[in-house]
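Trainee: give the three-dimensional model of this entry:
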Amino acid sequence: MRITRGTGLALLLFGVWSWLLWPTFLTNILRSENSWSGGSPTGFLWVHLAIGAVSLVLGTAIGVLGWRGYRAAGRGD
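Mentor: As a prediction, the model looks like this:
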């Protein structure tokens with residue numbers, strides 16, 4: 001599969017955006033009153049932690065694919 005330089009850059013930027021967005025979001029979720037009930041985590045917290053974790057994993061994978069595609073397109077591979 002060939003990825004153009006522009007597509008590779010877009011995928012790379014998506015990966016970077018994921019790492020800029022999700023840690024801040026997860027920090028806010030951890031601080032939210034909705035995340036805790038009597039000192040114990042709620043379903044709200046667990047669901048959002050799972051969403052954040054999956055998003056970071058996918059963002060990383062997409063960013064790596066973008067980086068590899070961007071570099072390969074620059075070399076003419």
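Trainee: all strands of this protein, in order?
Mentor: For the chain, applying DSSP state E gives strands covering 36-37, 40-41.
Trainee: any idea of the mean pLDDT in the last one?
Mentor: Read it as strand 40-41. Mean pLDDT, computed over strand 40-41, is 98.
Trainee: pull up the pairing partners for that strand, direction included.
Mentor: strand 36-37 (antiparallel) (DSSP bridges).
Trainee: show residues contacting the strand it pairs with.
Mentor: Thr42, Leu45 (Cβ atoms under 8 Å, 6 or more residues apart in numbering). For every residue, glycine as well, the C-beta is placed using N, CA and C.
Trainee: for that strand, the distance to its chain's centre please.
Mentor: In terms of Cα atoms, centre = their mean, to the nearest Å, the centre of strand 36-37 is set 26 Å apart from its chain centre.
Trainee: and stretch 39-58, by the same measure?
Mentor: With Cα atoms, centre = their mean, you get 13 Å for stretch 39-58.
Trainee: again with stretch 27-45
Mentor: 21 Å.
Trainee: so which bits of it are buried?
Mentor: Using 16 or more other Cβ atoms under 10 Å as the test for burial, stretch 27-45 gives Ile29, Ser35, Leu45.
Trainee: just these: which are in helices?
Mentor: If you go by DSSP state H, these have Ile29, Leu45 in helices.
Trainee: how near is Leu56 to Ile29?
Mentor: 13 Å (Cβ to Cβ, to the nearest Å).
Trainee: how about low-confidence regions in the protein?
Mentor: 76-77 (pLDDT under 70).
Trainee: in it, which spans are helices?
Mentor: Assignment of helices within the chain using DSSP H yields the ranges 5-31, 43-75.
Trainee: and the shortest one, what other elements does it pack with?
Mentor: Right, the one you point to is helix 5-31. helix 43-75 (3 or more Cβ pairs under 8 Å, 6 or more residues apart in numbering; DSSP states H and E).
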